[in-house]
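J.: Take a look and give me a structure for this.
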Amino acid sequence: MKASGFFDGVTQVQVPWRDTSVGVPWFYQDARMLTAVFLAPLEKVSLLLPSKRLYPLRVTPWHTLVLIAAYEYRACDIGPYNEVGISIPVSLNRPSPVFTGLLWPVPAELDTYFLHLPVTTEIACTLGIEAAAYPKFLADIEFKEDGDWVSCRLGEAGQHILTLTVRKGQPQPVPRSRMHSINARGGRLLRSLSIAAEREESTSRNTGDAKLELGDHRISQELRDLHLGRMVECRYTPSMQFILTPVLESFAV
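T.: Got it, this is the predicted structure:
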């Protein structure tokens, strides 16, 4: 399911970058995504944030969420590449209500702080770092399918970081969505926007529909130290389109 005309009317500006130019905002014409959301101790996760202005979403008085998402960008403006995002949903300047996601709705335009954002190509890595301070590094990211399951294995320099496996399920139509990413650089918090088109997506809260295997990398140990709890939701999107903006706002840390 691809949104007809999703990019129509959106003007791209060609911006010089090194020995070439790139269109801004960035268009992603075809991608797929698998995501798993885990409970994590609020106190431990808070220590990973770069600013006291950022508050992890409070699912309970003691718990927040950690998202692990894998992206296969099959067609985009800077060429195909793969990516894995490890992130924390946050609110800016004030804590979210306790039981957000249970008694209170998750914000329609969620703010997310990325802990790690490894990618598979040099241009995706350097452009993301320079343009918006994304915490990117070059890694090995491979997708595999096995019947009703799809998995993504992430590694660096021969070290296994993690493998995320999600059941495909039965994708259903979902509306357009928006997410703000927040990164930190030079004493500032930088916020960008990604807009995903209408698409088909499967969602499950069955803990048996997602598996996370951790390796022997420093990031694997970081995730172990967070004592991730139960998986509260997983999603599989077989095909999607989205637009990523450059930095739109900045705030003092």
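
J.: May I have the secondary structure class of the residue nearest to Ile141 when sequence neighbours are not counted?
T.: Counting by Cβ to Cβ, 6 or more residues apart in numbering, Ile141 lies nearest to Asn82, which is 3.9 Å off, once chain neighbours are set aside. Every C-beta, even on glycine, is put in place using the N, C-alpha and C of the backbone. Secondary structure, DSSP: H, G, I helix; E, B strand; the rest coil: Asn82 is strand.

J.: And the residue nearest the centre of this protein?
T.: In the chain, the residue lying closest to the centroid (Cα atoms, centre = their mean) is Gly85, at 4.3 Å.

J.: Help me confirm that that one comes into contact with Ala69.
T.: Yes: counting by Cβ atoms under 8 Å, Gly85 touches Ala69, with 4.6 Å between them.

J.: Report the set of residues contacting both of the two.
T.: Shared contacts of Gly85 and Ala69, defined by Cβ atoms under 8 Å, 6 or more residues apart in numbering, are absent.

J.: Okay, and the beta partners of Asp146?
T.: Per DSSP bridges, residues listed as beta-bridge partners of Asp146: Trp149.

J.: Check the gap between it and Arg167 for me.
T.: 11 Å (Cβ to Cβ, to the nearest Å).

J.: Roughly how far does Tyr134 sit from Met33?
T.: 17 Å.

J.: buried sites along the helix or strand Tyr28 falls within?
T.: Tyr28 is part of strand 26-41, with elements assigned from DSSP states H and E. Buried residues in strand 26-41, counted by 16 or more other Cβ atoms under 10 Å: 26-28, 31-41.

J.: cool, stretch 151-161 as well?
T.: By neighbour count with 16+ other Cβ under 10 Å, stretch 151-161 contains the buried residues 151-156, 160-161.

J.: Endpoint to endpoint, that stretch covers what distance?
T.: Length of stretch 151-161, first residue to last, Cα to Cα, to the nearest Å: 14 Å.

J.: thinking again about what came up before, so of the buried residues of stretch 151-161, which two are at opposite extremes in space?
T.: Distance extremes for the buried residues of stretch 151-161: the farthest pair is Ser151 and Glu156 at 17.5 Å, using Cβ to Cβ.

J.: What helices and strands are in contact with whichever helix in the chain runs longest?
T.: In the chain, taking DSSP state H as the definition, the longest helix is helix 122-132. In terms of contacts (3 or more Cβ pairs under 8 Å, 6 or more residues apart in numbering; DSSP states H and E), helix 122-132 is packed against strand 81-92.
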